[in-house]
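Participant: when you get a sec, could you give me coordinates for this:
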Amino acid sequence: MNAKLKIAGWISMGVVAGALTTISVQSVAQRALAPLPLEELQQLAAVFGMIKTDYVEPVDEKKLITEAINGMVTSLDPHSQYFDKKSFKEFREGTSGRFVGVGIEIAQEDGLVKVVSPIEGSPAFRAGLKPNDLITKIDDTAVKGLPLNEAVKRMRGEPNTKVILTILRREENNRSFSVTITREEIRTQSVRSKNIEPGYAWLRVSQFQERTTDDFARKLEEIYKADNNLKGLVLDLRNDPGGLLDAAVAISAAFLPDNVTVVSTNGQLADSKFTYKASPEFYRRGGNDPIKRLNDNTKGIYKTLPVVVLVNEGSASASEIVAGALQDHGRAKIMGSQTFGKGSVQVIRPLGPDTGLKLTTSRYYTPKGNSIQAKGIIPDIMVDETAEGNMFAALRTREADLTKHLEDKNDPAAAEKAKAAEKERETAREEARKRLEEFNKKPEAERRMPEFGSDKDFQLMQAINHLKGREVMVSKTLTARKDAPKEQ
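Facilitator: Take a look at the predicted model:
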């Protein structure tokens with residue numbers, strides 16, 4: 001390949017744009033231009049000229065062209081994107097784990113900015129923002145119809161400056177309120193862990209960043225040092241939107257046999273067809289190999305230790321790669337709810353020294369050759385968020401809910417299947433809305449979800465039960481969403 005394939009999350013201001021992180025190929029190769037449709041280009045030039053001469057007030061030529069490119073690219077799918085100078089710089093810095101912003105992961109919904117989740121410990125997290133909150137205004141600017149790039153720019157700023165976000169919270173009877181957040185440098189802690197009880201440990205990866213592999217290996221070494229008689233590990237990927245592919249491959253390699261397939265990609269371009277394996281050359285940076293160090297320091301225990309992987313609707317992209325690899329190789333049990341379904345690959349191509357294009361060029365496939373695009377990873381064991389059930393899963397956005405998401409065009413019945421699935425989902429949403437109305441009548445203290453990793457984390461406790469061979473409370477409400485046919 002021209003360059004290393006990687007998943008890159010645009011988290012420049014604490015935001016993962018385009019719903020969640022995206023698999024990306026950094027490519028600087030020059031390619032021959034396809035034949036140009038001259039008649040259509042003449043029409044474009046004519047429209048440009050008319051706007052310049054006839055519009056009610058002067059317009060900025062560069063802005064017109066930028067918006068034309070934006071429109072062309074965003075018409076393709078939810079993840080292709082044009083980067084101007086500022087957003088391209090933000091994108092390239094996005095996976096470092098350090099950025100200035102408010103600390104939220106976002107998507108676009110009905111022309112508004114939707115909070116996928118606040119980043120743990122961020123200003124947005126401390127201000128009480130919640131998943132599914134809708135941002136309707138940024139300072140005095142209405143968000144409706146505002147391009148996601150522009151919304152990102154307006155929420156960015158210098159450290160210690162303030163931004164006022166107007167929030168619509170549908171889960172509280174469409175309550176609207178404003179919150180003032182002070183921007184700061186976000187230093188995300190992508191890996192957390194603890195020994196739950198003798199023999200059993202929990203490790204959470206909240207995002208796949210540049211330092212995640214090192215932190216992951218170090219945390220597993222600490223777990224082993226605290227208890228060298230381990231019997232089981234829970235790998236928590238809930239609400240993990242993805243990140244760097246080499247980190248996903250490295251984490252998979254820590255549990256898998258050497259040199260087995262972790263993930264493959266396939267598209268029209270020759271360099272989009274590639275297979276990544278559980279081997280150092282596919283994840284190592286320079287001479288550093290944290291996974292080898294981990295195996296040496298823990299006597300290779302994690303290659304055979306029983307593992308449960310926790311996932312949910314917020315687990316996307318790199319998270320799905322890890323879950324799919326461990327599931328296909330029979331190395332771990334996947335528990336929780338069906339994942340987001342982000343299975344497309346984006347190429348990052350510089351258009352000059354400071355602008356670029358993120359373009360969808362291929363899909364990625366699990367080791368058994370399955371695409372999870374618009375489907376996700378289906379857990380081996382469906383487990384609710386709480387003992388009372390997972391009552392509101394139908395209201396959560398997944399890849400299949402995004403406008404213009406990739407579908408299987410080789411299936412002549414795909415459109416009808418999608419239509420039927422959407423009808424089923426709308427029925428489920430209506431039932432969930434009714435349950436939500438009842439839920440909102442409870443005192444606020446009873447509506448708070450337990451913190452991941454706490455002793456009140458129901459899914460974690462069920463994972464521990466499974467590792468101990470005890471009975472697991474299987475979901476009463478969750479079923480696999482049939483958003484797309486299985487692809488080979």
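Participant: okay, now the unreliable bits of the chain?
Facilitator: Applying pLDDT under 70 to the chain flags residues 1-33, 93-98, 188, 391-396, 408-422, 425, 439-440, 444-449, 481-488.
Participant: quick one, domains of it?
Facilitator: For the chain, the structural domains run 106-187, 191-343+365-467, going by automatic domain parsing.
Participant: of those domains, which stretch is the most buried?
Facilitator: Among the domains of the chain, ranked by average contacts under mean count of other Cβ atoms under 10 Å, first place goes to domain 191-343+365-467 (a mean of 20). Where C-beta positions appear, they are placed from N, C-alpha and C, glycine not excepted.
Participant: ok, the residue lying closest to Val113 once chain neighbours are set aside - contacts?
Facilitator: Distances taken as Cβ to Cβ, 6 or more residues apart in numbering put Ile135 closest to Val113, at 4.1 Å, once the chain neighbours are dropped. Contacts for Ile135 (Cβ atoms under 8 Å, 6 or more residues apart in numbering) come out as 106, 112-115, 143, 151, 165-168.
Participant: equivalent analysis for Val262, please.
Facilitator: Val262 sits next to 248-249, 252-253, 256, 276-278, 282, 321, 325, 367 when contact means Cβ under 8 Å, 6+ apart.
Participant: repeat that with 10 Å
Facilitator: Applying Cβ atoms under 10 Å, 6 or more residues apart in numbering to Val262 gives the contacts 245, 248-253, 256, 275-279, 282-283, 321-322, 324-326, 328-329, 366-367.
Participant: go on, Asp110?
Facilitator: Per Cβ under 10 Å, 6+ apart, neighbours of Asp110: 134, 144, 403.
Participant: which of the contacts of Ile135 fall in strands?
Facilitator: Per DSSP state E, strands hold the following members of the contacts of Ile135: 106, 112-115, 165-168.
Participant: between those residues, which sits nearest Val263?
Facilitator: Among those, Ile106 lies closest to Val263 (Cβ to Cβ), at 25.8 Å.
Participant: and Ala142, how far is that from Thr136?
Facilitator: Going from Ala142 to Thr136 by Cβ to Cβ, to the nearest Å gives 7 Å.
Participant: before we move on, what about Arg433?
Facilitator: Arg433 is 20 Å from Thr136, by Cβ to Cβ.
Participant: same thing with Pro118?
Facilitator: 17 Å.
Participant: could you do Val116 as well?
Facilitator: On the measure of Cβ to Cβ, Val116 and Thr136 end up 16 Å apart.
Participant: and what of Glu61?
Facilitator: Distance check for Glu61 against Thr136: by Cβ to Cβ, it reads 32 Å.
Participant: ditto for Glu210
Facilitator: From Glu210 to Thr136 the distance is 34 Å (Cβ to Cβ).
Participant: and if you look at Met72?
Facilitator: 28 Å.
Participant: excluding its backbone neighbours, what's nearest Pro450?
Facilitator: Counting by Cβ to Cβ, 6+ apart, Lys456 is the residue found nearest to Pro450 once chain neighbours are left out, at 3.8 Å.
Participant: what strand or helix carries the one you found?
Facilitator: Counting by DSSP states H and E, no helix or strand carries Lys456.
Participant: how about the strands in the stretch 351-488 of the chain?
Facilitator: Assigned by DSSP state E, counting those that start in this stretch, the strands in the stretch 351-488 of the chain fall at 356-365, 381-382.
Participant: please identify the deepest-packed of the ones you listed.
Facilitator: Of the strands of the stretch 351-488 of the chain, strand 356-365 is the most buried (mean count of other Cβ under 10 Å), at a mean of 22.
Participant: what strand or helix carries Gln327?
Facilitator: helix 318-328.
Participant: run the chain-centre distance for that helix.
Facilitator: 13 Å (Cα atoms, centre = their mean, to the nearest Å).
Participant: neighbouring contacts of the helix or strand that that helix is followed by?
Facilitator: Using DSSP H and E, the helix or strand that follows helix 318-328 in sequence is strand 333-336. With contacts defined as Cβ under 10 Å, 6+ apart, strand 333-336 is touched by 234-238, 306-313, 315, 322-324, 326-327, 377-385, 390, 459-460, 462-463, 466-467, 472, 474-475, 478.
Participant: one more time with 7 Å
Facilitator: With Cβ atoms under 7 Å, 6 or more residues apart in numbering as the test, strand 333-336 has contacts from 238, 308-312, 323, 327, 377, 379-381, 383, 459, 462-463, 466.
Participant: gap between Asn239 and Asp384?
Facilitator: Per Cβ to Cβ, Asn239 is found 16 Å from Asp384.
Participant: would TSV of the strands of the stretch 351-488 of the chain with distance to Arg183 be doable?
Facilitator: Below are the strands of the stretch 351-488 of the chain laid out as TSV (distance: least, Cβ to Cβ, whole Å):
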stretch	distance to Arg183
strand 356-365	25
strand 381-382	39
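Participant: skipping adjacent residues, who's closest to Ser475 in space?
Facilitator: Met382 (4.0 Å).
Participant: quick check, the one you found in contact with Leu478.
Facilitator: Yes - between Met382 and Leu478 a contact is recorded at 4.3 Å, counting by Cβ atoms under 7 Å.
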